[in-house]
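Student: With the input below, show me the fold.
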Amino acid sequence: MFQKILTFKTNNKLEIIDITREVEEIVRESKIKNGSCLVFIPHATAGVILNENEKGLREDYLNWLKEFFPKKDWKHNKIDDNAEAHLMSAFIGQSVLIPINNNELVRGTWQNILFLEFDGPRNTRKVFIKIF
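Tutor: The predicted structure follows:
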């Protein structure tokens, strides 16, 4: 097994950050030829997906999420005023599992690893990468 933690900051309330290159580098560093790579987001107001990193599609995702989970009188907003961020995270999910073959991630041509911020900006966001 091999593990690394990516740490970075986010700049916007809603944001999508491509972390594919960083994860690929960790896979290469692991020297694990065949196995799996778990990408896990340890945050209740963020998520991770595999999809195309295209500007219009990123905007479509964020607009759709804002429409699907609008700012409104959610019960949790009485505590933290970020209920929609929690709902987005639960809907999108906080992990993806990607096969490794010949020390490379197995992914489709347009499948990038995208970190989704739902409650930014944040000074510290972490992504756990576990390769086994």
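Student: make it CA atoms for all contacts and neighbour counts henceforth
Tutor: Will do.
Student: Assign a three-state SS to Y61, would you?
Tutor: Secondary structure state of Y61, per DSSP: H, G, I helix; E, B strand; the rest coil, is helix.
Student: what's across from L38 in the sheet?
Tutor: L38 has these beta-bridge partners by DSSP bridges: L97, K130.
Student: Report the contact partners of it.
Tutor: Shown in contact with L38 (CA atoms under 8 Å, 6 or more residues apart in numbering): 95-98, 128-131.
Student: mind listing what V27 touches?
Tutor: Counted by CA under 8 Å, 6+ apart, V27 has contacts 37, 103-105, 131.
Student: Closest one of the residues you listed to K71?
Tutor: Set against K71, the nearest of those by CA to CA is C37 (34.5 Å).
Student: per-residue confidence for the closest one?
Tutor: For C37, the pLDDT comes out at 98.
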